[in-house]
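>>> The amino acid sequence is not available; the structure is as follows:
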């Protein structure tokens, strides 16, 4: 069942010089019990996309397209309805758990807040004791001892704080969780703990999740499907595993190659990067926005703005070399 | 090579913070480390936050003083008097994690790179030196970058400016603390390739502090894995990563998303507190070999819990501080002595 459906989403920030296009036509769906990964580098629009789903962007931002949550149009919702939807139908785990929590309030009170404000009437009217019980349960469910409800954020480690953020996101039992770089500042071992926790939430509770990260290797491990963004658009979408090991789009391939596979002699003493920098949104190159950095660009790329096209069953990529059996496909093959 | 001694050598190093009790500081951040860095070697120091890797790097730079043990530079113990330290720091340069924080937003690229030359009163053509450092760091043509401010540069270019600022003094050693962790994935490889080329062209010794084992696989000759103030495993990168001997290294490797063929060993809890270092093997409270019975079967479980482990000695090919058979505790790990880099994979 489709939980979240995004169609032709455009997001423009209003800045002094005019409109800055951050998201330029994105289509995505997230089903129940499914994890969709969104990968990309800073400035590619992935966090803007996350904010747009729950209308968390500044009021001056121009958002066009369609976002439907449980079939309900989010962009057309009244503020009252939107308030009810936030936390209880969909919630967000932000990056940087250090700044996401209020340093002068106890953890337990911060987890209780969304329940009191957004919970069902029964939850809201339940007494303090029931509420404390619920908070304790939530903490235990993310692997933090219940007595920690009495602690302040500075008394917890980074990994525990991130778990508290996840507990908050679960407080009103939403069907959709959007996690924006939930493990970026954490150690590898703690990252593995948090990722295993997120994965278990999806399998046990059947929630849908949109997991945003710059780290394609992490996404490929946890997600069902992954979308790679570049300059505000999805340039490749497909099953997580194959996208990491066998990407179609040259950018997705470069991004996957940037994370070495330990034990693979091809990457030993051979760090792989991508020359150049991502384009500034106000100054996008003509044609395919990736063509100035692309190793297999042809003349056509400078003029033709290629949109997503089928690459294989269940896969799509926005590249002239994709979906055509020709020399150019061989050129792409040789890039591997 | 100018001397028979390694460029940098660390012996029995202990660095701590806080009030001392019986001469021992409360926080034992680095708690017994031996390490050598030869000319032209890239060494990765890996571990989780709180393992002491950054304190070790700071001590190598002379920014922290050990309470026991010493740092030797070409065989001579480090002199902590101001004038001597200043001369030392010209030869051993630091590159920090976040280039945006490391650069003054109101100074141009030229001023940022020339600062070191001015501090050390280096004679000669400043402009030519700055231009040379910038082009070594991959910013070409260098003159085009002279007048630019940090906000006009991308993250990768800023890190190149920071590296140029280190190179301008013609150092022997670069200590890089998480040099790519704040950079985008596509830029990461470019900066790592730069560090490798600097080693190849200038014979620089590079010490990279990182939590990223993939980075070590990418560029490092030697890899030292730290846990709670000690090196728990050290050896040639290929050996340590392809055939880890310490259960901690095994666990770290198993949770990496790329290593799907390994069953992930997710350690519970977080890296422990350097205020309370456990007795026996310092890893024993989290050690999977104790919980899955490997240590019991090998008959070492009691020693793991109760017997303090020796510090890993220098000049071991591939060694791990672990009592399990095949590890250094029973004295068979790797070939006998020898300089680590010269030994072939077992």
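Received it, and whenever you're ready, just let me know what you need. This one's a predicted model, so the numbers in the text were calculated from it and none came from an experiment.
>>> roughly how far apart are the residue of the stretch 201-336 of chain A found nearest chain B and residue B:193?
In the stretch 201-336 of chain A, the residue that lies nearest chain B is residue A:273 (2.8 Å; CB to the nearest CB). Just so you know, the C-beta spots here come from the backbone N, C-alpha and C atoms, and that holds for glycine as well. The gap separating residue A:273 from residue B:193 is 6 Å, by CB to CB, to the nearest Å.
>>> And residue A:103, by the same measure?
Counting by CB to CB - residue A:103 and residue B:193 are separated by 41 Å.
>>> and if you look at residue A:209?
Applying CB to CB, the value for residue A:209 to residue B:193 is 35 Å.
>>> With residue A:122 instead?
With the distance defined as CB to CB, residue A:122 ends up 59 Å from residue B:193.
>>> same check, this time on residue A:131
Separation of residue A:131 from residue B:193 (CB to CB): 55 Å.
>>> before we move on, what about residue B:132?
Using CB to CB, residue B:132 is found at 19 Å from residue B:193.
>>> Let me know the helix or strand that residue A:42 is in.
Using DSSP states H and E, residue A:42 sits within no helix or strand.
>>> Sorry, slip of the keys, the one I care about is residue A:164.
With elements taken from DSSP H and E, the one containing residue A:164 is helix A:158-170.
>>> packing partners for that helix?
Other elements packing on helix A:158-170 under the criterion 3 or more CB pairs under 8 Å, 6 or more residues apart in numbering or on different chains; DSSP states H and E are strand A:90-93, helix A:97-100, helix A:107-118, helix A:128-141, strand A:176-180, helix A:188-205.
>>> can you list contacts of that helix?
With CB atoms under 8 Å, 6 or more residues apart in numbering or on different chains as the test, helix A:158-170 has contacts from A:91-94, A:97-98, A:100-101, A:107, A:110-111, A:114, A:138-139, A:141-144, A:148, A:153, A:156, A:177, A:179, A:182-183, A:185-187, A:190, A:193-194, A:197-198, A:201, B:49, B:270.
>>> just the buried members of these?
With neighbours counted by 16 or more other CB atoms under 10 Å in any protein chain shown, those contain buried members at A:91-94, A:97, A:100-101, A:107, A:110-111, A:114, A:138-139, A:141-144, A:148, A:153, A:156, A:177, A:179, A:182-183, A:185-187, A:190, A:193-194, A:197-198, A:201, B:49, B:270.
>>> Report pLDDT for residue 332.
Picking chain A for this. On the pLDDT scale, residue A:332 is placed at 57.
>>> The intended chain is chain B.
So, for residue B:332, pLDDT stands at 33.
>>> Count the residues that sit near the closest residue to chain A within the stretch 1-150 of chain B.
Closest to chain A within the stretch 1-150 of chain B is residue B:48: 4.2 Å, counting by CB to the nearest CB. Per other CB atoms under 10 Å in any protein chain shown, the neighbour tally for residue B:48 reads 21.
>>> Same question for residue B:200.
Neighbour count of residue B:200, defined by other CB under 10 Å: 10.
>>> Look at it and give its secondary structure.
What DSSP: H, G, I helix; E, B strand; the rest coil gives for residue B:200 is helix.
>>> State the distance from it to residue A:269.
For residue B:200, the distance to residue A:269 equals 10 Å [CB to CB].
>>> So which residues of the stretch 201-346 of chain B form helices?
Taking DSSP state H, counting those that start in this stretch as the criterion, the stretch 201-346 of chain B contains helices spanning B:213-219, B:237-242, B:247-254, B:288-291, B:294-297, B:301-306.
>>> now for those helices, which one comes closest to chain A?
For the helices of the stretch 201-346 of chain B, the distance to chain A is smallest for helix B:213-219, at 4.2 Å, taking CB to the nearest CB.
>>> Need the contact partners of that closest one.
So helix B:213-219 is contacted by A:188, A:259-260, A:262-263, A:267-271, B:42, B:44, B:46, B:180, B:189, B:192, B:195-196, B:206, B:208, B:210, B:223, B:237, B:241, B:252-253, B:256, B:258 (CB under 8 Å, 6+ apart).
>>> taking the mean pLDDT, what do you get for it?
Averaged across helix B:213-219, the pLDDT comes to 93.
>>> from the middle of its chain, how far away would that helix be?
12 Å (CA atoms, centre = their mean, to the nearest Å).
>>> how many other residues sit next to residue A:31?
Neighbours around residue A:31, by other CB under 10 Å: 16.
>>> And the pLDDT for it?
94.
>>> Can you list the low-confidence ranges for the chain?
You didn't say which chain, so I picked chain A. Along chain A, segments meeting pLDDT under 70 span A:1, A:96-98, A:324-336.
>>> Let me rephrase: I mean chain B.
Looking at chain B by pLDDT under 70, you get B:1-3, B:258-262, B:269-271, B:315-316, B:326-346.
>>> Let's see that with 80 instead.
For chain B, the stretches with pLDDT under 80 are B:1-3, B:257-263, B:268-272, B:313-316, B:325-346.
>>> What residue in it comes nearest to chain A?
Proximity to chain A, evaluated over chain B using CB to the nearest CB, is greatest for residue B:189 at 2.8 Å.
>>> Doesn't that residue lie inside a strand?
No - per three-state DSSP, residue B:189 lies outside any strand segment and is helix.
>>> My guess is it contacts residue A:274. True?
Yes - at 7.3 Å, residue B:189 counts as touching residue A:274 under the criterion of CB atoms under 8 Å.
>>> which neighbours do those two share?
With CB under 8 Å, 6+ apart, residue B:189 and residue A:274 have common neighbours residue A:258.
>>> what about residue 180, how many neighbours?
Looking at chain A here, since you left the chain open. A count of nearby residues for residue A:180, using other CB under 10 Å, gives 20.
>>> I was after chain B.
Residue B:180 has 27 nearby residues by other CB under 10 Å.
>>> Just to check, it is in contact with residue B:192?
Yes - contact criterion CB under 8 Å: residue B:180 and residue B:192 qualify, at 6.3 Å.
>>> partners of the residue nearest to residue B:9 when sequence neighbours are not counted in the sheet?
Using CB to CB, 6 or more residues apart in numbering or on different chains and skipping the chain neighbours, the partner closest in space to residue B:9 is residue B:72 (4.2 Å). For residue B:72, the beta-bridge partners are residue B:9, residue B:77 (DSSP bridges).
>>> List the contacts of the closest residue to residue A:197 other than its chain neighbours.
Spatial nearest neighbour of residue A:197, chain neighbours left out: residue A:142 (5.9 Å); criterion: CB to CB, 6+ apart. For residue A:142, the contact set (CB under 8 Å, 6+ apart) comprises A:163-164, A:166-167, A:170, A:197.
>>> Distance of residue A:142 relative to chain B?
Distance, residue A:142 to chain B, by CB to the nearest CB, to the nearest Å: 14 Å.
>>> show me what contacts residue B:206?
For residue B:206, the contact set (CB under 8 Å, 6+ apart) comprises B:41-43, B:173-174, B:176, B:195, B:198-199, B:219.
>>> how much space between it and residue B:219?
8 Å.
>>> Residue B:120 now?
Counting by CB to CB, the gap from residue B:120 to residue B:219 is 28 Å.
>>> Also residue B:321?
Taking CB to CB, one finds residue B:321 at 25 Å from residue B:219.
>>> before we move on, back to that, just send the contacts of residue B:206 back as JSON lines, with neighbour count too.
As requested, the contacts of residue B:206 are exported to JSON lines (neighbours: other CB atoms under 10 Å in any protein chain shown):
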{"residue": "B:41", "neighbour count": "22"}
{"residue": "B:42", "neighbour count": "26"}
{"residue": "B:43", "neighbour count": "24"}
{"residue": "B:173", "neighbour count": "22"}
{"residue": "B:174", "neighbour count": "23"}
{"residue": "B:176", "neighbour count": "27"}
{"residue": "B:195", "neighbour count": "24"}
{"residue": "B:198", "neighbour count": "20"}
{"residue": "B:199", "neighbour count": "19"}
{"residue": "B:219", "neighbour count": "23"}
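>>> Next step: the residues you listed restricted to helices.
Counting by DSSP state H, the part of these found in helices is B:195, B:198-199, B:219.
>>> Take those and write them to TSV, including distance to residue B:113.
Output for the ones in helices among the contacts of residue B:206, formatted as TSV (distance: CB to CB, whole Å):
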residue	distance to residue B:113
B:195	17
B:198	15
B:199	20
B:219	24
